[in-house]
Each structure stands twice: as C-alpha cells, then as structure tokens.
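# no letters, just coordinates:
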C-alpha cells in the first residue's frame, strides 16, 4: 500500500490483527526481507512493514537528509493509520530511527525493541560508511566491504552455499543497480551525524535491547551503553551471532521479538 | 488438582487454553512460585503446573529415589491428561527432569525449554548438595548455604529489602520446617548420580537453552555443553543474571519462554 | 622475619633481589601460600611476603578493627624497610588493602596489581561473610560455605583428588583450629564496611586488574567497575577460572604478575 | 642483518641477550613494527625479529607459495643461528606460521605464544582476503577494507588523531606502493588453504593463546578452538581490544608476552 509524504510515495504493508507491531528495516533491507517471518509474526499481532524513503518500493529522496526525515515521515504515517500503543521494533538503521521516534513521540510507543542498534555513529562507524560509499561504483568491492562484516564468520562459513547464491544476486543484480546504490549512499550519509547519547536516558518506555557476540557493525559495547542509559530496558546477548541477527538466528529473533512484544511489563515478584 | 501415582498424591494445576506448556519447578520451588507469571503465561497457552513428589502440595516420598521417579510419574501424568505436543519447560532441577523426560519420551515433546540447567551433577555440584544437607538442621546456615548463591550478587544487593523479607520467611518458617527440610534432602540426594552427558545428543527436539552470566549453581559452561550436543538447540545468554532467572529477569524470562514456545521452528530464510 | 607493630609481631619474608614486589594475601592465605611461586617470582624481583595481623605467623589482634589497621601497619613496615617504587600486588582481601594503601600512599607505589578484587563489600558480600561466621564452630560447614565457591566448579571437579586431600586438611586441622577460626572471623568482620567506590578514581598509578569468568566471590562486574574508575588501568579476563586464580591458573597468574611488574608503562606507539 | 634462503635475502635483527624470543609478524607488519617494544623486550631476552619473504626489508618472492615457504625458511634460519629452546611468538599470520613451525619442529620450540591466531583459513577469512585483493589497485579502498576491521571500533574512535595520521601514510605511501601491494597479495594468497585443525592437537609445547573481544579478523571462537585442542595451552581474553592487540593494549601485550616467556611451566601447586 502507499502513503504520500512530502509528495513522495512511501510503501507499506499491514498484515494480521492484534496489537500493532511496527518493523523498521536495517539499511540494506526492505519490507520484502520480512516475508519469511510473517506467518509467525501475524499469529498474535498486527504487523506493519514500511520502506523508508530510498528503501525498497518507496520513492527515492534525491536531496540530502538525515534521520529526521524518516522520523517525521513515520509520525505522519502513524497518525495517518491512527496507530496507538505501538510496539516499535528496529534493527540497526531501523533501530536508530526507532530510538529517535521514541524520544520525540514517547506517548505513542508502548514498547521499544532494539536489535543490533547503536546510540551514535562513532568516527569508526562513519568510516565504515565512507568505505561503502568509496567503492560504490564497483559491485564486487561493495559486496566485500559490506556482506562479510554483516554476517558472523561462523554463519558465513557454515551457510556457504546460501551465501554464494546471495553473493551472485547481490553482485550481479542489486549492487550493480545504480539506483539502488545511489539510495544506499544517501541512506548511509543520513547516519553520519547521528548521536542521541545525551538524550537517550529520557526514554522510559519498556525496551528490549539485543546484542550479538560477533556483531562487527554495532558491537555489543553499544548495546551495553544503551542498556546503561535506559532505565526500563532489558539486555540480552546472543552468542555466536553476527549483525544480521534475524537471518543468523531466526528462531531466537522471533522468540525475543514476539515474546517481548506480547508480555506484560508490570510484573511484580513478591517474597 | 490431584493425580495419584504409586499411591501418592501429586498436586497439579491446569490454567488457560491453547498449546500445552508444562512447567517443571526448580528444587526449592513449587506450583505456587509461578503465580505471578500466570496472567502472562495463559494469554496464549494452556499451562500445566505440577509439584514433584516431595515438592509443594504433593505428598512426601519417604524412600530414597533418583530422578527416574519423577520421569515415570510425569509420563503417567501426561498419559492421564492425554497431553500431546507438549512444550516442556524446566528450570534447574526441573530442567534436568525435562531433559530425561525428553530422552525417554521424545515423541510427546514438541519443544524443550531448558533454563539454568546442567547435563550432569559434577563432583562440585554434588558437594554443593552435600553442604546443603550437612547444615540442614540449622535454618540460618541452610539459608547462607543456598540463597546467596542462587541469586546474583547484584540482584541480592539491589533488592536488599525484598531479600531481607524473604530471608525472614525462609529462616523462620520454611527452613525451620522439618518436613520441608527432609523433602529438600531427598530431592537433593536424588540428583547425586545424575549424568546424561553420553545420551543427550539423541534429543532432536527444538530446544531453547538459557544461560546466565552470574549463575553460580549451573554456570554458563554447562549450557554451552548442552548446546554443543543438542543439534536443534538455540543458546541464549542473559547478562547480569543469576541462577533464579525467573525472579531476577522476569520480563526476559517470560519473553523467552512464551516467544520460543509459540514460534514456528521450520523457518527457512532464502537468499 | 619479624616486625613489631603496636606491640604485635608481624611476620614477613624477603626473597631475591631487584625491583620490590610486595604480595598481599587473600583472607585465608598466608606467606606460606606463595612458596610454590617463589622460584619464578625471585628470578627478576625482590619479593616481600607478609602476614597481616591475624594471618599466618603474625600475632592475633584481639580487638575489633577494620582494613585501616592493615594499611597503617603496611605503611610502618614499608618505612621500616625503606622500600620505594613498590609493585604492590594483592588478591581478594589483599587487593582491597592494596587499593587503600595506594589511595593513601600513592607516592610509594609504582604499580598496583589487583587480582580478584572489589571496591566495596556489597550487602551480598557482607552476607557471604555473615554466613562464614555463622557456621564457624562447625569445621565441615565452614568448608562447605567457603571452599566450593572459592574455586570454579570446573577446577573443583577436575582436581578432585587434590581437593579431597585439601578438604581433609582443612576440615580436620585448619578449620578445626579455634584460633584460626577466631582470626578468620576478625578478618572477615574487618571488611564489613569496606567501600572506596567514591575515592578510587584518585588512583593514577598504572594498575593491572584481573578478573575471572567463574569468580563467585568477587565477580567480574567488580573488576569492570574498578577498570572504569582507574584511568591508568588495564583489564584482563581469565576464562574458565574461579576466585583463587593463583591456584587455578598458576602459569597465567605468574605471567600476568611478573609481566606487568617488569614492563615499562610509558610506551608510546607511533604511526 | 641478512640471511640468504633459496637465493633470496631474508632480513633479520637480533637484539639483547638471554633466552631467545623469536617474533613472527602479522601480515602487514615488519621488523620495524616492533621498535617501540624493543626496550622492554630486551630487558630479559634475546629478541630475534625477522621479515618473511615479501615482508619489510626481505626480498620479494615472485612465485606463488603457501605458508610452508616461511616454515622451511624459518627452519633454515634457526639452524643457521643455532637457536635452541626458542620462545616462538606469532601474531595473526605470524601465529599461523608459528603453529606450523611448532608442528614440524616441536623439539626446537620451548614455548609457543599465539596472539590473535586461527587454526585455519575459513571460507569467510578467505573471502576477507579476496576482498583485499580485489580492491588492491585502489589505495583508499584497500585502506577501508583492511584497517577499520583490524582495529576495534573503540580504539579507532578514541585514537582518531593517530588513526588519521596513519591513514594518510597508508593511503598516500604504503598502499600506493605497487610493490608493497603485490607482496601483500602473495602473502594473502599464501593463506588461502591453511588448515591445521586435524593436526594441531599434536603440539604438546606450553602454549599461550591470547584472544580479544573485538577481534574482527580472527574472532575469539578461533582461540577457543585452539585452546580446546592444545592440551598444554593457557587461554586468556583481552576485553575491549581488536585484532592488532600489540597496538591497542601495548602494556597487556608486553606483560603477557614477557611474563609467559620467562615463567617456569612445571609449577605444581600442592595441597
């Protein structure tokens, strides 16, 4: 379905019924990435998928922008659908948007679920992005700079066949698509000055923070920092898992996502 | 409710509707321990609570026994209720019984959820039990040998008020109750020769294994071992949490338990 | 050798030549505990061993006291020997004294080496000590309350023969010795109100902080805290090791101790 | 100094006196990399630095080769100098050569010190190397593919000034030097089929294995594997440190290296 924001088409999908769970994509993902998970996700929840501008089936956004573009678009979209008491999930780039949305519109978010997320783009992470942009005209170089560090070394090695298929598609089609790469560059640049470290403790919403042992893009240190600042947060750690936790550990991913979304958070244990 | 096994009363409760989730208690727990969790647990599942013989409202079992007593009782009970496709949860002592039940009756178990569980009673763990038994006639000594190592140091310190109340109840009532202590000794002794390390890889059921950073009774090493042997298992790690994970991190506990129980495990991610 | 402090005999030993390395014992240890390490330790350093009052061959100290007694005694002793530029090592109780000595006499300490140490006696740790004191008249109970948590479960199990021999000596001789137990109680009580969390960042001395995965007395969290506060500190982590790191991992223990003591800390790496 | 092997010049340096410590470089390093460490290293040991063929001041080796070239060269070199009872240190690529040397010439090695090392080039690690080679004609792309993953994100960010200087030198001089890049490609290719997983348990030499929390090239999993196979090994873990442990944590690096090299490994702790 479509929603128009500042004259641009924003693609979204709504699946199932129940308490709303909105899923915000990682930078290279799109609504289509969630297809294998939909059957489970819709068993208990209304699931809202959305492509940010410059992602998937949404329009390109040709000017420079930062995360605030997505935060404002999301708010217009949420008002448009009349959503309330949202469980807001984000992974990586999507987690960063989710944090900022929660900071600015805390009253609309009932739970926040942050997988593989950071509170700021460090100099190091900016340089990772600079590297991506620098090689963006060479699909194979783009592959080598992104994919091997998005998965854990163990997953990449054990799932070699799957990775090789994916490599073929990515190098020959996706990263060879100039529009896709232009979109990726703008999305990458939009994160350059991201930093909510000083504000983040204002978030009081129940928040699940998921870190992974072999996350080489947003290392566990970052989730420890988030947990330290968010007083109503829970921190959990997935051993032997890389940055793309939904692909590496789909059962744990779904268990944490659905379990936390649908659990009461006023639990009091008595003596 | 009651079920009679070998002439003894076994106390159990059935709550809610849906796919059956059977909860096996840790050694010092009982069906009553799950009261604060029932509201959440029954939102999606039929929950079966049960006190092992020598636990809670079940009869004492005056002879010596080992875990097999509980495994056989459970099977009779499950047949009695006609349960199928069970999600079988156990924590600590209950996890050990759950493993053995799954090994012997794999066809009745759809999912296995093992929190703070070990595949064997090591010499060290046997000595921990010997210590408990040695001081069992002194309620305060029994407290000091058990409780400070069942919680993480951080939880014990941060929840000081709750702990102090609990200490009073435990020392003045529960550990001062000679029948309770006799039951505890028999339960403790029943674990002395527990060791399924050689067989455990026969379990092919989807299994969730939860380990905790500051679990001083069944340390994380033990869950790593379980994960290595169980080919269809998922391993997750709760930082800053002790052995009694359900009390220290109730939201994560519930999220993992319900999320894993109600998630499809045939998920395939495609390129 | 002997040094007299407030009319009490303080036992000490000086071995070897070189830069001075002073070793402060854990609570249940004594100068004799270091015998197996002396050959290595003296290859490069002058090693000063000392029994605190109430430890080993030093006199008992019959009044109540806190850590300051040891800190003041140490300073008198260090002045007596005319020691300067000391590498000050402490493990557990000894580490706590070392921190306080360094805080009060920073100019005399060149390096600080803290193994299995905490910056405060938390409510939990106080309760651990209360437990020890409560069972102090029963040698076997005293054993069960102390030893199984001082070693890691893996070490205790793998070194079963060594542990059983040690258990015999501890239960039949050492913990059955009323004077030893009275000394232990006073030492234990001396830690009850220990807390230098607010001051510790004043220490600017190069400091090595060693934490162990299965340290159940001063868990890794405590060493992380120390590291966070001490700006010139280095933090290292020994996997699969308990609280008594010198016995569980003697090679790593010696490597870290000697390596850090004898390494220059003004190293600058240039581009 | 020079040693001739198969008609090629091998550059080496010998510093200091004492028990011999041979240092094997990581792939992008050279004898010059150790200059800041020499003062400390030579306090107790004779230090032998060497550039592999295709490294530093050694000759290029224009044909294809694998690690065995270096292993054989090293053995000729060690015989040439008449070295015995060597402490053999290697980091990363150098660690891989050290393992193979130890496997083939165990009698000449007294201790093995493996920092940030793996027992095999996994498919993932091969792909990392493929990426390096693919962008080798573009110095800035080469920088982005190597350096941000060789350091930990925290170090890269905290040492921004140092990193920026280094980036300038690397991009403008070193990676722009075609001969350097040709050498790097041959060295990278020489690791493609490296795999000693099946043999490694034959090493009985006392071995120190050092792993780092944020090592994104040879992740901690690899050092855990090494430790599991090498029965006389010790495993230690440096928190908050990346692959280039000698630059990120120079004091810990030196402490571990010198401490382990100069410590007796026949220590027996008695009850």
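All right, it came through fine. Bear in mind that the values here come from a model prediction, so they are computed numbers and not experimental data. Residues are numbered from 1 along each chain as shown, chains lettered A, B, ... in the order given.
# in chain A, which spans are strands?
Here chain A has its strands, by DSSP state E, at A:2-5, A:8-15, A:19-24, A:45-50, A:86-91, A:109-115, A:207-212, A:233-238.
# CSV for those strands, including distance to residue C:97, mean neighbour count and mean pLDDT?
In this view, the C-beta of every residue, glycine as well, is placed from N, C-alpha and C. Output for the strands of chain A, formatted as CSV (distance: least, Cβ to Cβ, whole Å; neighbours: other Cβ atoms under 10 Å in any protein chain shown; pLDDT from 0 to 100):
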stretch, distance to residue C:97, mean neighbour count, mean pLDDT
strand A:2-5, 65, 15, 96
strand A:8-15, 63, 18, 98
strand A:19-24, 52, 23, 98
strand A:45-50, 57, 23, 98
strand A:86-91, 48, 26, 98
strand A:109-115, 43, 25, 98
strand A:207-212, 36, 26, 98
strand A:233-238, 34, 22, 98
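# please name whichever of those is nearest to chain B.
Across those, chain B has its closest neighbour in strand A:233-238 (4.6 Å, Cβ to the nearest Cβ).
# now the strands of chain A in JSON lines, with distance to residue D:54?
JSON lines is the format used below for the strands of chain A (distance: least, Cβ to Cβ, whole Å):
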{"stretch": "strand A:2-5", "distance to residue D:54": "56"}
{"stretch": "strand A:8-15", "distance to residue D:54": "52"}
{"stretch": "strand A:19-24", "distance to residue D:54": "47"}
{"stretch": "strand A:45-50", "distance to residue D:54": "51"}
{"stretch": "strand A:86-91", "distance to residue D:54": "42"}
{"stretch": "strand A:109-115", "distance to residue D:54": "43"}
{"stretch": "strand A:207-212", "distance to residue D:54": "36"}
{"stretch": "strand A:233-238", "distance to residue D:54": "40"}
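# mind putting those into a markdown table with distance to chain D?
Shown next, in a markdown table, are the strands of chain A (distance: least, Cβ to the nearest Cβ, whole Å):
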| stretch | distance to chain D |
| --- | --- |
| strand A:2-5 | 34 |
| strand A:8-15 | 31 |
| strand A:19-24 | 23 |
| strand A:45-50 | 29 |
| strand A:86-91 | 18 |
| strand A:109-115 | 18 |
| strand A:207-212 | 12 |
| strand A:233-238 | 12 |
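# the closest residue to residue A:137 other than its chain neighbours - how many residues pack around it?
Spatial nearest neighbour of residue A:137, chain neighbours left out: residue A:181 (7.5 Å); criterion: Cβ to Cβ, 6 or more residues apart in numbering or on different chains. Per other Cβ atoms under 10 Å in any protein chain shown, the neighbour tally for residue A:181 reads 19.
# any idea how far residue A:181 lies from residue B:17?
When distance is defined by Cβ to Cβ, to the nearest Å, residue A:181 is 52 Å away from residue B:17.
# what's near enough to touch the residue in chain A that chain B sits nearest to?
Per Cβ to the nearest Cβ, residue A:259 is where chain A lies closest to chain B, at 2.4 Å. By Cβ atoms under 8 Å, 6 or more residues apart in numbering or on different chains, the residues touching residue A:259 are B:254, B:255, B:256, B:257, B:258, B:259, B:260.
# show the buried residues in those.
For these, a burial check counting by 16 or more other Cβ atoms under 10 Å in any protein chain shown picks out B:254, B:255, B:256, B:257, B:258, B:259, B:260.
# now, which of those residues lie within helices?
B:254, B:255, B:256, B:257, B:258, B:259, B:260 (DSSP state H).
# isn't residue A:203 right up against residue A:101?
No - using Cβ atoms under 8 Å, residue A:203 is not in contact with residue A:101; the gap is 10.3 Å.
# roughly how far is stretch A:20-36 from the heart of the chain?
Offset of stretch A:20-36 from its chain centre (Cα atoms, centre = their mean, to the nearest Å): 7 Å.
# which one of residue A:203 and residue A:101 is surrounded by more residues?
Neighbours of residue A:203 and residue A:101, each counted by other Cβ under 10 Å, are more numerous for residue A:101; the result is 25 against 21.
# pLDDT wise, what is the more buried one at?
Per-residue pLDDT puts residue A:101 at 98.
# residues in contact with it?
Residue A:101 makes contacts with A:71, A:74, A:75, A:88, A:109, as judged by Cβ under 8 Å, 6+ apart.
# adding distance to chain C, write the residues you listed out as JSON lines.
Shown next, in JSON lines, are the contacts of residue A:101 (distance: Cβ to the nearest Cβ, whole Å):
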{"residue": "A:71", "distance to chain C": "33"}
{"residue": "A:74", "distance to chain C": "36"}
{"residue": "A:75", "distance to chain C": "37"}
{"residue": "A:88", "distance to chain C": "31"}
{"residue": "A:109", "distance to chain C": "31"}
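# could you pull out the helices for chain A?
With DSSP H as the criterion, chain A has helices at A:38-41, A:67-81, A:93-104, A:123-134, A:139-150, A:153-158, A:160-169, A:178-190, A:220-229, A:245-248, A:250-261.
# out of these, which comes closest to residue B:264?
Smallest distance to residue B:264 across these (Cβ to Cβ): 5.0 Å, for helix A:38-41.
# what residues sit buried inside that closest one?
A:40, A:41.
# list the contacts of residue A:122.
Counting by Cβ under 8 Å, 6+ apart, residue A:122 touches D:153, D:156, D:157.
# contact residues of the stretch 1-150 of chain A facing chain D?
Within the stretch 1-150 of chain A, the residues that sit near chain D (Cβ under 8 Å from any Cβ of the partner chain) are A:122-125, A:127-128, A:130-131, A:134-135, A:138, A:140-141, A:143-145, A:148-149.
# neighbour-wise, give me the winner out of the contacts of residue A:122.
Comparing the contacts of residue A:122 by number of neighbours (other Cβ under 10 Å), residue D:153 comes first, having 26 neighbours.
# now that residue: how far from residue A:262?
Residue D:153 is 34 Å from residue A:262, where distance means Cβ to Cβ.
# do the same with residue A:157
Counting by Cβ to Cβ, the gap from residue A:157 to residue A:262 is 35 Å.
# same thing with residue A:207?
Separation of residue A:207 from residue A:262 (Cβ to Cβ): 15 Å.
# with residue A:126 instead?
Distance from residue A:126 to residue A:262, by Cβ to Cβ: 37 Å.
# looking at these two, which is more packed in?
Higher neighbour count among residue A:126 and residue A:262: residue A:262, with 23 against 18, using other Cβ under 10 Å.
# touching, that one and residue A:19? I think so.
Yes - between residue A:262 and residue A:19 there is a contact at 7.2 Å, judged by Cβ under 8 Å.
# overlap in contacts, these two.
With Cβ under 8 Å, 6+ apart as the test, residue A:262 and residue A:19 both reach A:44, A:45.
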